[in-house]
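K.L.:
Predicted model and sequence follow; I will ask about them next.
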Amino acid sequence: MKNYETVAEHNFRAAQIGYFLAKLENYVKPEEVVTMLIFHDLEECRIGDFHKVANRYISVNREKIVFDQVENLDHFSDEILNYWRQIEERSIVAGTIAKDADLLEQALTAKELLEKGYKYAQDWINNVGKRLRTKSAKKIWEELQKIDSNSW
């Protein structure tokens, strides 16, 4: 299968989803969620996105990669690294919403692939559903099962 989307495309759509998800969850600072999502896959710009099978064999220190990328950004480096950590750890509400937006974007991509004939994408959609935490994200995921990707 060809690489379906770039990191930039994924981050852009995840940020858009994050904005609306934050609003649906009545989170007062949706721009915080959007900012987190802009930086959430920063390490993939340097090393790529490993397939699940590759992850069984390849171990990388993703936080070190992000740190190396931002360490020379003066006072911005701590802020960006902190945003990255919050999504990884889901340590605050914004991080939880942002991670759910990241996962929903993956499910949307999988839905598009499924409808183009990639039958294993359903596993990807199912796995996303198990990882969602917010009520709004779970509801969107349920609706995703019922609609055609041509409708968005």
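P.N.:
Good, I have the coordinates.

K.L.:
Tell me how many other residues crowd the nearest residue to Val70 once chain neighbours are set aside.
P.N.:
Of all residues not flanking Val70 in the chain, Ser77 sits nearest, at 4.2 Å (C-beta to C-beta, 6 or more residues apart in numbering). In short, each C-beta sits where N, CA and C put it, glycine included. Neighbour count of Ser77, defined by other C-beta atoms under 10 Å: 15.

K.L.:
again with Asn61
P.N.:
By other C-beta under 10 Å, neighbour count at Asn61 equals 10.

K.L.:
Arg131 now?
P.N.:
For Arg131, the count of nearby residues is 14 (other C-beta under 10 Å).

K.L.:
List the contacts of the nearest residue to it once chain neighbours are set aside.
P.N.:
Leaving aside its chain neighbours, Arg131 sits nearest to Leu103 (5.6 Å; criterion: C-beta to C-beta, 6+ apart). Leu103 is in contact with Val128, Arg131, Leu132, Ala137, counting by C-beta atoms under 8 Å, 6 or more residues apart in numbering.

K.L.:
what sits against the first one?
P.N.:
Applying C-beta under 8 Å, 6+ apart to Val128 gives the contacts Leu103, Leu104, Gln106, Ala107, Ala110, Trp141.

K.L.:
Lys130 versus the first one, what's the distance?
P.N.:
When you say that, I think you mean Leu103. 10 Å (C-beta to C-beta, to the nearest Å).

K.L.:
ditto for the fourth one
P.N.:
Look at Ala107 and Lys130: by C-beta to C-beta, they are 11 Å apart.

K.L.:
Compare these two (neighbour count), which wins?
P.N.:
Taking neighbours as other C-beta under 10 Å, Ala107 and Lys130 compare with Ala107 leading, 24 against 8.
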